[in-house]
Every structure is written in C-alpha cells, then in structure tokens.
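[1] fold the following.
(one chain, ligands or ions: 1)
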Amino acid sequence: MAGKKPLVGIVMGSDSDWPVVKETAVGLKDFGVEFEVRILSAHRTPDEAGKWAKTAERRGLRVLIAAAGKAAHLAGVIAAHTTLPVIGIPMESSLAGGLDSLLSMTQMPGGIPVLTMSTGKSGAQNAAIAAVQILALADERLAAKLKTFKKTLAGKVRQRDRRLQKEIS
Ligand code: RP5
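    Predicted structure coming up:
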C-alpha cells in the first residue's frame with residue numbers, strides 16, 4: 001500500500017504464485033494493514049532473498065509471509081535470517097496437490113519455526129488473518145476488527161443454516 005510504512009512483508013518464489021498469494025494481499029487490505037510484496041527465490045535469487053530477510057526488522061516489518069512451491073525452501077531460508085515470525089504458504093504443485101511444498105515448508109528443524117498454513121487459497125487467506133492476529137497483540141484497533149470479522153463469519157454460517165432449514169422443511 002503506497003505511502004504508508006509496511007508492517008507485513010510478503011515474499012513469493014515466483015510470479016506464478018501470485019494468483020494465490022493475491023488472496024493474502026486482499027486479506028491484509030481488508031484489515032487496513034500495510035504490506036510490501038516481493039518476488040524473491042531461495043534458489044534463483046538466494047542473495048536477494050537473504051538480504052530481504054536480514055533487513056526486514058530494521059525496515060519496520062513485524063511479520064513475514066513466504067509463499068513457495070515444490071522444493072519450497074523460501075520460508076525456511078527467510079526464517080533462518082530473522083527472528084520475526086514467519087508464516088509459510090505452501091503452493092499447490094503437480095505432485096499430490098502440493099504435498100511436496102507442504103512437507104518442505106512444515107518439516108523445519110528445531111529452533112527455526114515456520115508457521116505453515118494449508119495449501120490453496122484458504123492457506124493464503126489464513127496467512128493474512130494470522131499476520132493480523134500477531135499484530136493485534138499490540139494493536140487494539142486490529143483486535144476489535146478481528147472480533148467483528150469472526151462475528152461476520154458466524155453470521156454467514158447461521159444464514160446458510162437458516163436457508164437450508166427452509167429448503168428441507
Ligand atoms: C517455486 O517454484 C515457486 O515458489 C513456484 O511455486 C515454483 C515454480 O516456479 P516457476 O517455475 O513457475 O517460476 O520456487
């Protein structure tokens with residue numbers, strides 16, 4: 001978001017990840033959270049990826065989100081270079097729907113956690129909400145927005161249930 005200092009840094013391994021990662025950007029925008037988004041690869045641009053992670057904290061970022069697929073090392077490499085929380089989004093791939101990405105991202109060695117979401121758009125959406133939840137620990141305005149968000153979700157389910165009850169009555 002232009003003009004404001006980003007609090008969340010999103011990084012993805014390829015522009016082919018963007019159609020899914022866009023959901024994260026939309027989610028953060030919905031909560032009014034400023035973010036930056038970059039394409040940086042653990043394998044193709046390792047130096048830039050490491051530099052981005054190393055400088056993230058002093059540039060004011062508070063939560064990092066990393067999306068990658070296949071041998072999905074990006075989130076782990078980012079986590080290796082920072083003490084900021086790193087949320088990972090495994091991208092779906094041609095191998096078992098992205099099981100390779102999920103395992104690469106989630107099977108981190110002790111001491112270097114990556115907070116791994118599910119594959120697919122719900123994972124990308126949850127990455128945004130998880131980042132907001134972390135920021136909300138020190139931001140009452142965001143905490144209130146999260147409570148409203150949960151109420152809205154519950155309201156939608158109740159509405160669907162009412163519709164179903166009508167349909168079967
Ligand atoms: C990963 O390899 C990327 O994150 C992407 O999910 C996957 C394929 O990349 P492209 O070949 O489409 O650039 O590094």
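[2] tell me the residues of this protein that contact the ligand?
    Contact residues (Cβ under 6 Å from any ligand atom) of the chain with the ligand: M12, G13, S14, S16, D17, S41, A68, G69, K70, M91. For the C-beta atoms, the positions are set from N, CA and C on the backbone; glycine is no exception.
[3] got the phi and psi for the residue positioned nearest the centre of the chain?
    Centrality entry for the chain: nearest residue to the mean C-alpha point is A127, 2.9 Å, by Cα atoms, centre = their mean. Recorded main-chain torsions at A127 are phi -60, psi -40, according to degrees, to the nearest 10.
[4] for L115, same thing?
    Dihedral angles for L115 - degrees, to the nearest 10 - are phi -80, psi 90.
[5] need the three-state assignment for the closest residue to it other than its chain neighbours.
    Once flanking residues are discounted, L115 sits nearest to I87: 4.7 Å by Cβ to Cβ, 6 or more residues apart in numbering. At I87, secondary structure determined by DSSP: H, G, I helix; E, B strand; the rest coil is strand.
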